[in-house]
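Peer 1: Here is a sequence together with a model predicted from it:
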Amino acid sequence: MNRRRPTLLAALTLTTAAALTVSACGSDDGPSGDNDKIAGADTGSSAPPASPTASAASQADRPEIELPGDVTYTFEWDKTGDPVKDAVLHDAEQRIRAVDMAIAKQNPLHEAYRFYSEGEAAAGSQKYIQDFVDHEARTTGLTRYYRESVNVKKDGTASIVYCEDQSKSFNKFLKTGKTDVTSVTKDSYVVYAGTLRKNNDGVWVTERLVSERGSSKCQP
């Protein structure tokens, strides 16, 4: 398996929903129909493109994210041309980095990930980080994110779906420095579906996030 194997560090599931049913992952292969929906990902009419409020965004005192040199990423998230969608993707990426920083610092209440998440998502991340702390471990290696899809709704929320490739990322134990290099399987690929909301500081915070490991839509 991979760095987030359930036998050691629990796989991320941030809502009380049962198994996540996935039938699409925002692939660019073609248009999605009614069956191409993810349980837990909000859908709805997309809002017209609108520029984010520059003054609000500048007011946000964003935390600096510092990671160990062996924690790296590839974000294959293309610019959409829509400034709102691009802002959603940016802040979703920052949340991912912030969670890994909290793991590296062994702090399940780190302010950085809580800056980019609230509610169920923040509570789930806290539990996820605590699993690493309990095992005195952190992440290491390269993690790839791809096949993203963003939908901005008229109510001011946004839904996001993306894939994660954990085939080159693993657990590293702090006491021994040993890296648990594991075999690549279908479970090395995870699909996520989340809901975000823009707060008063212009930050897109993740409120809900669910995942499914081994999704066929995320396989190479």
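Peer 2: Yep, it's here.
Peer 1: Where does the residue most central in space within the chain sit, in terms of helix or strand?
Peer 2: Most central in the chain under CA atoms, centre = their mean is Ile96, positioned 5.0 Å from the mean C-alpha point. Ile96 is part of helix 83-104, with elements assigned from DSSP states H and E.
Peer 1: Pull out the buried positions in that helix.
Peer 2: For helix 83-104, a neighbour-count test (16 or more other CB atoms under 10 Å) marks 84-89, 91-104 as buried. C-beta coordinates here come from the backbone N, C-alpha and C atoms, glycine included.
Peer 1: ok, then the element right after that helix?
Peer 2: Counting by DSSP H and E, the next helix or strand C-terminal to helix 83-104 is helix 111-115.
Peer 1: Which strands and helices lie in contact with that following helix?
Peer 2: For helix 111-115, the packing partners by 3 or more CB pairs under 8 Å, 6 or more residues apart in numbering; DSSP states H and E come out as helix 83-104, helix 119-134.
Peer 1: so which of those helices comes closest to Gly69?
Peer 2: helix 83-104 (10.7 Å; CB to CB).
Peer 1: so how far is the closest one from its chain's centroid?
Peer 2: Centre-to-centre, helix 83-104 and its host chain are 7 Å apart (CA atoms, centre = their mean, to the nearest Å).
Peer 1: Ok, stretch 203-219 next?
Peer 2: Worked out by CA atoms, centre = their mean, stretch 203-219 lies 6 Å from the chain centre.
Peer 1: as a whole number, average confidence for it?
Peer 2: Confidence over stretch 203-219 (mean pLDDT, whole number) is 96.
Peer 1: May I see the buried residues of that stretch?
Peer 2: Buried-residue list, stretch 203-219, by 16+ other CB under 10 Å: 203-213, 215, 217-218.
Peer 1: in the chain, which spans are strands?
Peer 2: 71-75, 137-152, 157-173, 179-180, 189-198, 204-213 (DSSP state E).
Peer 1: Counting by contacts, list what the first one packs against.
Peer 2: When contacts are defined as 3+ CB pairs under 8 Å, 6+ apart, strand 71-75 packs onto helix 83-104, strand 137-152.
Peer 1: again with the last one
Peer 2: Helices and strands touching strand 204-213, as assessed by 3+ CB pairs under 8 Å, 6+ apart, comprise helix 83-104, helix 119-134, strand 189-198.
Peer 1: Using CSV, lay out these together with mean pLDDT and distance to Leu142.
Peer 2: Shown next, in CSV, are the helices and strands packed on strand 204-213 (pLDDT from 0 to 100; distance: least, CB to CB, whole Å):
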stretch, mean pLDDT, distance to Leu142
helix 83-104, 97, 12
helix 119-134, 96, 18
strand 189-198, 97, 14
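Peer 1: Columns distance to Phe75 on top of those, output as CSV?
Peer 2: Shown next, in CSV, are the helices and strands packed on strand 204-213 (distance: least, CB to CB, whole Å):
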stretch, distance to Phe75
helix 83-104, 6
helix 119-134, 19
strand 189-198, 13
